[in-house]
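Q: the following block contains a protein sequence and its predicted model.
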Amino acid sequence: MNPYAISIFYILWIFLGNFILLNLFLAILLDSFLEEDEESDESSEEKEERLRRKRMLAKNKKFRLDKNKVFMGTNLKDKTAIING
């Protein structure tokens with residue numbers, strides 16, 4: 001085979017591969033921008049509901065962490081009174 005034809009083939013192969021990878025990267029980037037636009041289109045009621053759920057989950061998490069808290073120190077009687085109510 002002609003060495004010039006082989007080198008042209010590999011050069012074209014590299015350019016074509018880079019072109020495909022660039023298009024793939026741009027498609028992923030464009031898709032992420034479109035998803036952000038869809039999220040910004042949600043109504044204020046949906047945003048409020050999402051924030052309310054997020055706050056409720058954070059409150060429940062704090063309650064669970066406080067419930068499982070172990071008290072250590074010199075005032076153990078006072079702290080057990082707090083836990084027992």
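A: Perfect, thanks for sending it. Everything numeric here is computed off the predicted structure, so don't read it as measured data.

Q: residue ranges of each domain in this structure, please.
A: The chain breaks down into these domains under automatic domain parsing: 1-41, 43-85.

Q: state the mean pLDDT of the last one.
A: Domain 43-85 shows a mean pLDDT of 67 in the predicted model.

Q: and stretch 15-35, by the same measure?
A: Here the average pLDDT along stretch 15-35 is 92.

Q: do you have the strands of this protein handy? List them.
A: Assigned by DSSP state E, the chain shows no strands.

Q: show me where it has helices.
A: Using DSSP state H, the helices of the chain run over 3-40, 44-67, 76-84.

Q: now the ones you listed as TSV including mean neighbour count?
A: Yep, even glycine has a C-beta here, placed from its N, CA and C like the rest. Listed next are those as TSV, based on neighbours: other Cβ atoms under 10 Å:
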stretch	mean neighbour count
helix 3-40	10
helix 44-67	10
helix 76-84	10
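
Q: ok, A58 to R52 distance?
A: 11 Å (Cβ to Cβ, to the nearest Å).

Q: swap that for A27, sorry
A: Distance from A27 to R52, by Cβ to Cβ: 35 Å.
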